[in-house]
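# Dropping the sequence and predicted coords here.
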Amino acid sequence: MQLNKWKRTEYKKNTIFEVIFQARFPSILKLTKETPASFQEKIRKKGFPETKIKKVAAPPDFPEHLRKEILGEDEYMFFSEDGNWQITLTKDFIALKCTEYENYKGFEKHLKTMLKTFWEEYDPNYFSRIGLRYRNLASESTLGIKEDIREFIPAHIAPELETSSSIRDEVQVIEKTLQLKDDSSIANVRFVYGDLSGKFGKFNLNGEKSYIIDTDSFTTEKIRKVEDAIAKSKSFNEGNIRNVFHWSITDALRKAMGPISGKN
């Protein structure tokens, strides 16, 4: 990706409403036969005391192959006491989700705890895919100010919203997806503009004009060491996720967020 490289910048107002890391691995059948009690015992002492199990239920005669295909797999979820952090474990993936993101240093601390505990407990052959996903929301609720959201979206993302566009005032919704690739990773980026309703992290919107930038950076390169997975996640954060975000916004949004430090 030939995007401008941006240094880390702190802002007074945070548009990130959710961050997710996921690592996929070859199926571990042990996780289909017994609950991960030993993993839970270790992880609950490291900041994840709450547990929830999502068991897939099906009629007695329901075919096993269809049960998995249609209903999905059992999931084990472990939560921080405040509910802002969640680990999800299944037979073929493990994920960390944060809905109160402050900085990558704090996220990486929980990521290391999760991955090292998992690796020690289950010793997977490798991770077949790892991804880091950042979901940003620019709206009155997240910024605390009343602004024309269209001013936050650059012309190369939505030329229909430019002041010179003949249909600017008629555009109600825009959804756009891009896949960007560099030498070491791929990024799927989804843009949404329109009146949004629902829960987005800690924010509850009700028909609020908003702009979402949803970036999922990933690699399908086989990762055979937990340290390499941690390093790859950090490279996603410092590389295309940060650069794609800044490529996807205008100076008007940077000003609205209130930069504290950093520059391009």
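Received the coordinates, thanks. On a predicted model such as this, the values are computed, not experimentally measured, just so you know.

# Please tell me the pLDDT value assigned to residue 68.
Per-residue confidence (pLDDT) for residue 68: 57.

# Low-confidence ranges, the stretch 1-150 of the chain, go.
Within the stretch 1-150 of the chain, the ranges that satisfy pLDDT under 70 run 1, 56-72.

# Show me the helices in it, by range?
Counting by DSSP state H, counting those that start in this stretch, the stretch 1-150 of the chain has helices at residues 30-33, 37-43, 64-66, 104-122, 140-143.

# in the helix or strand just after the last one, what's buried?
Scanning forward in sequence from helix 140-143 by DSSP states H and E, the next helix or strand is strand 174-181. Of the residues in strand 174-181, those buried under the neighbour-count criterion (16 or more other CB atoms under 10 Å) are 174, 180. C-beta: built from backbone N, CA, C; applies to glycine.

# Which elements pack onto strand 174-181?
Where contact means 3 or more CB pairs under 8 Å, 6 or more residues apart in numbering; DSSP states H and E, strand 174-181 is packed against strand 186-200.

# Which helix or strand lies directly C-terminal to the strand it packs on?
Using DSSP H and E, the first helix or strand after strand 186-200 is strand 203-219.

# what angle do that following strand and strand 174-181 make?
Here strand 203-219 runs at an angle of 20 degrees relative to strand 174-181 (axes from the mean of the first three to the mean of the last three CA atoms, to 10 degrees).

# returning to what we had before: looking at the helices of the stretch 1-150 of the chain, which is nearest to residue 202?
Of all the helices of the stretch 1-150 of the chain, helix 140-143 sits nearest to residue 202, with 9.4 Å by CB to CB.

# nearest to residue 188, of the helices of the stretch 1-150 of the chain?
Comparing the helices of the stretch 1-150 of the chain under CB to CB, the one sitting nearest is helix 104-122, at 19.8 Å.

# What is that closest one packed up against?
Applying 3+ CB pairs under 8 Å, 6+ apart, one finds that helix 104-122 contacts strand 16-24, helix 37-43, strand 85-89, strand 93-98, helix 226-236.

# Give the pairing partners of the third one; include direction for each.
The one in question is strand 85-89. Taking DSSP bridges as the criterion, strand 85-89 forms sheet pairs with strand 75-79 (antiparallel), strand 93-98 (antiparallel).

# Contacts for the first one, please.
Applying CB atoms under 8 Å, 6 or more residues apart in numbering, the set of residues contacting strand 75-79 from outside is 35-36, 40, 43-44, 48-54, 85-90.
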